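>>> Coordinates for the following, if possible.
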Amino acid sequence: MKHTCNDIERRHYVLLVLSIIVVIGVTLSITMSLKGNNDDKPHVVLVIADDMGYNDIGYYNQFGDINTPYLDKMAREGMRLDRYYAQSICTPARAALFTGRYPYRYGLQGARPILYGSKEGLPVTEKQLLPQVMKDGGYNTYLVGKWHLGFSKWAFTPVRRGFDYFYGMYGGFADYLTHESAEPESDTKAFDLHEHRAEDITADGTIEESDERNTDLIAQTYGIHSERLFTDKAVQIIEEHDLKGGHPLFLTVSYMNPHSPLQALDEDLDRVPANITNQIRRQFSALMGSLDMGVHQISDALKRKGIYEETIFIFTGDNGGAIQGPIDSKSLGGTNWPLRGSKWTIYEGGVKVPAFVRGPGIEPGTVNTELFHITDWFPTLANLARAKIRMEMDGVDQKDFLFGETKRGPRSEVVLELDPAYQQAALIRGNYKLIVGDPAPKPYHGVYEPLTGNSTWYFDDTDYSRSMYADASQSCNNKVSTYLQNLENTDFSFRNMSNIGPFDHSTIRLYDLETDPGEHHDLYGAAGRMEQLAREMYDVLVERCADMAPLTFFNGEEFRDIEAAFSTLRLGSPVGLGGEQPRTIINKWRPWIP
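The predicted model follows:
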């Protein structure tokens, strides 16, 4: 059969077209496959409440003085975590969350936050934080709100630790309206609100902040409640997220609510039940209501975006409720009823906090009574992101249990504390909890009802005589001096339990949390009952001492430099609140160590 030139040309043309189609098809297949690797990953929104007590959320509250309908609704839509533990104070809790590792491994353990002007921070030897592992898994990563893991160096700040974007505060607390903060020991106040992007990082690892950029931020935010600012920013991030970009959303919203100072807006106070007449508790309740409304707005933004049912939504406290402060013993408004203790303690009231998770694959209306620690979110979310973990974890991957693929939780014990400075350690194994050393500084040994009307607090001083603060002359005001004396007399390079307490009645407490969640009945005691179990748990802590790092701030030199930690800005237009004198000069916290 003969072929003409036209036939041959036509055949070549057809083959060429088919080849192009095959190449395009393969390319699209690869592209869709790669895109699909992220398309089937859920978005993740993680919300943190600050100093929220066990009894300070609607679904646990027993006194009718807290109203959180939207948080309660979301908890019903998912899984409530009823044996969930964090740390006893802000900085260690956030460190545990973002590293997936116990704070004693890198020197941030203990009931001790990073202070303004402190040189310390979450050590850069912790090379892979949760935002970084999520970024490795293809996520866009955002932090809105409180950081509290150090800012003396740019290397400590959020966009240098894995977040693509940060809008919030470096330190532990600030005025809700002026966004200024100062430690009690210093008269220096400085503005603590910042906005950074990863692309702003310069070749030398710093971020250029012009005076104009800083003064604009002050002018735009001064006088606006931080909850409103953080909620609005979170909503904006959700609305502007590119769903076609192949990168799911990882958004952390770290509210300051309901941490002191108690500064609720009138519109939030109006929603507090009228029968709550104590003004401190009203302020606290209003701050919880404000947080609840913020979560409601975030969930509505997810719904408008069409991704609410594709989002894993996590809500967690950072530590137990703050019961009372060093000046006014009824100044902070929280309650952990019926749990014993407060923030700053290793009693249940200091470390057991409300938490829940909802989203695709989570059975609605479930209550998880298995052990869960705040470190567990790291490996669990890394699994969801299909990202490789490069650090040794203390957190346990709970994904299979959360999604109903296993009937029992994978965690059997939690090391709650290992701190030579406060001379305390604690371990939970199954239903049992061992405490070594002093569980709480005076006056935080008690169980406290909320401040309603003229009610008084119930103070349970069982075992209080065994506390290092039991001497009546030891007040809350000189707790710090006692603490510093402990530091001076402690060799932190000597990593064993001699820095905390020997195995004897003077230092050991053992509780059965299933039958005694309020920790009133010491099973070890003078008679030495259950000594074998106590000894086994004590030995676990002894073994863990081998991994205990020296405290980050105790290195023989001054660990704070207040005057170097801020810059002074001259504003183009004065700012002021109410009847205060308008101001044209404001200080601003900033990194200062190269």
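>>> any idea of the pLDDT on the nearest residue to Pro379 once chain neighbours are set aside?
Spatially, and ignoring its direct neighbours in sequence, Pro379 is nearest to Asp397 (4.1 Å; CB to CB, 6 or more residues apart in numbering). For the C-beta atoms, the positions are set from N, CA and C on the backbone; glycine is no exception. pLDDT, Asp397: 98.
>>> same thing with Ile374?
Model confidence at Ile374 (pLDDT) stands at 98.
>>> Could you do Thr456 as well?
40.
>>> before we move on, back to that, just want the phi and psi numbers for the residue nearest to Pro379.
phi -70, psi 110 (degrees, to the nearest 10).
>>> Pull up the gap between it and Lys189, please.
44 Å (CB to CB, to the nearest Å).
>>> ditto for Arg160
26 Å.
>>> And Asn368, by the same measure?
Applying CB to CB to Asn368 and Lys189 gives a distance of 43 Å.
>>> can you check Leu371 too?
Relative to Lys189, and taking CB to CB, Leu371 is found at 42 Å.
>>> the more surrounded of the two?
Leu371 (22 against 18; other CB atoms under 10 Å).
>>> so where is the stretch 401-550 of the chain shaky, pLDDT-wise?
Along the stretch 401-550 of the chain, the model assigns pLDDT under 70 to residues 441-496, 499, 525-528.
>>> Okay, helices next: where are they in it?
Using DSSP state H, counting those that start in this stretch, the helices of the stretch 401-550 of the chain run over residues 479-488, 531-544.
>>> what about the helices in the stretch 101-250 of the chain?
Under DSSP H, counting those that start in this stretch, the stretch 101-250 of the chain gives helices at 130-136, 211-221, 226-240.
>>> helices or strands up against the second one?
Here helix 211-221 touches strand 566-575, strand 583-589, going by 3 or more CB pairs under 8 Å, 6 or more residues apart in numbering; DSSP states H and E.
>>> which of the residues in it are buried?
Asn214, Thr215, Leu217, Ile218, Thr221 (16 or more other CB atoms under 10 Å).
>>> which residues does the second one contact?
It refers to Thr215. Leu569, Arg570, Leu571, Gly572 (CB atoms under 8 Å, 6 or more residues apart in numbering).
>>> Of these, just the buried ones, ChimeraX syntax please.
The ChimeraX selection below is limited to those of the contacts of Thr215 classed as buried (16+ other CB under 10 Å):
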select :569,571
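>>> Go through the contacts of Thr215 and flag the one the model is least confident about.
Gly572 (86).
>>> separation between that residue and Glu212?
Where Glu212 is concerned, Gly572 sits at a distance of 9 Å (CB to CB).
>>> so what's in contact with the two at the same time?
Joint contacts of Gly572 and Glu212 (CB under 8 Å, 6+ apart) do not exist.
>>> so what's the nearest residue to Ala286 once chain neighbours are set aside up against?
The shortest distance from Ala286 to any non-neighbouring residue, by CB to CB, 6+ apart, is to Ala264 (3.4 Å). Shown in contact with Ala264 (CB under 8 Å, 6+ apart): Arg282, Gln283, Ala286, Leu287, Ser290.
>>> So the first one: helix, strand or coil?
Judged by DSSP: H, G, I helix; E, B strand; the rest coil, the three-state class of Arg282 is helix.
>>> where does it land on pLDDT?
The model's pLDDT for Arg282 equals 93.
>>> burial measure for Asp204, as a count.
7.
>>> With Glu531 instead?
16.
>>> Am I right that it is in contact with Met537?
No. Glu531 is beyond contact range of Met537, at 10.9 Å (criterion: CB atoms under 8 Å).
>>> Look up phi and psi at the residue nearest the centre of the chain.
Central residue of the chain (CA atoms, centre = their mean): Arg94, 3.9 Å from the mean position. For Arg94, the backbone dihedrals are phi -70, psi -30 (criterion: degrees, to the nearest 10).
>>> In terms of pLDDT, where does it sit?
pLDDT, Arg94: 98.
>>> how near is it to Tyr176?
With CB to CB as the criterion, Arg94 and Tyr176 are 19 Å apart.
>>> Kindly report the same for Thr375.
30 Å.
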